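> Build me a structure from this.
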Amino acid sequence: MMTYEYLDHEADVGIRASGATLEEAIADGARAMFGVMTDINRVGRSVEVPIRCQADDPAALFVECLNELLFQSDVRHLLFADFQVTRLAHTGAGYTLEGVARGEPLDATKHDLWTEVKAATYAGLRYDVEDGRHTLQCVLDV
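Numbering: from 1, shown residues only. Sure, this is the predicted structure:
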C-alpha cells in the first residue's frame, strides 16, 4: 500500500546574468534575483548594507552572494534594488567578494511582492567566459 504520492511542482526559477567582468555578472545576477521578487524600479536606494562572501570558485561565489543578499534582506526587512561589488580578490584559498547592497524597507503599500525566493541553489550552476563576457547562472528555489 502506497502512503505517498508525487506532485507536479514548478517551484524554481533559473537566472542567467552576464557582464564584461565577473563583478558585473554577479551584480546583474543580484538584480535579477530581486527582480523575480518585485519591480526593483520601484525600490529606493536609501539604505546601504555591506556584503561579504567567500567561496572556492566564481560559480560558488555567485550562489553564496545571492544567499547572503537574501539573508540580509530577510533579517533587515529590506528589498534591494542595486548591488555593487567593491572588491573581488582571488587567492590560493579561493575568492572573496565585498560589496554594497542598496535598497529600502519593505513597504506593502509601495512594493508589489510577486514571488518569494527562498534560496539560490547549486542546481544548474554555471560560470562561463566567452568572447570577454562573464556569464553566471543558477536556479532559485521559490
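
> For the chain, give me the ranges with low pLDDT.
The model of the chain has pLDDT under 70 over residues 1-10.

> all helices for the protein, in order.
Taking DSSP state H, the helices of the chain run over residues 22-37, 58-76.

> mind checking how far the closest residue to V139 other than its chain neighbours is from L113?
Nearest non-adjacent residue to V139, counting by C-beta to C-beta, 6 or more residues apart in numbering: A123, 4.1 Å away. C-beta here means a position set from N, CA and C on the backbone, and glycine is covered the same way. Computed as C-beta to C-beta, to the nearest Å, the A123 to L113 distance reads 24 Å.

> what does S46 give?
Separation of S46 from L113 (C-beta to C-beta) stands at 19 Å.

> And for R102, the neighbour number?
Here the count is done by other C-beta atoms under 10 Å, and R102 has 17 residues near it.

> so how many other residues sit close to the closest residue to it other than its chain neighbours?
Nearest residue to R102 in three dimensions, chain neighbours excluded: R45, at 3.9 Å (C-beta to C-beta, 6+ apart). Residues lying near R45 (other C-beta under 10 Å) number 13.

> Now R45: phi and psi?
As for R45, its main-chain torsions (degrees, to the nearest 10) stand at phi -130, psi 40.

> quick check: longest strand of this structure.
What stands out as the longest strand in the chain, according to DSSP state E, is strand 78-91.

> So which elements touch that strand?
Packing partners of strand 78-91 (3 or more C-beta pairs under 8 Å, 6 or more residues apart in numbering; DSSP states H and E): helix 22-37, strand 47-55, helix 58-76, strand 94-105.

> can you do 7 Å?
Here strand 78-91 touches helix 22-37, helix 58-76, strand 94-105, going by 3 or more C-beta pairs under 7 Å, 6 or more residues apart in numbering; DSSP states H and E.

> Let me have the ones you listed in JSON lines, extended by distance to Q84.
Shown next, in JSON lines, are the helices and strands packed on strand 78-91 (distance: least, C-beta to C-beta, whole Å):
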{"stretch": "helix 22-37", "distance to Q84": "6"}
{"stretch": "helix 58-76", "distance to Q84": "12"}
{"stretch": "strand 94-105", "distance to Q84": "5"}
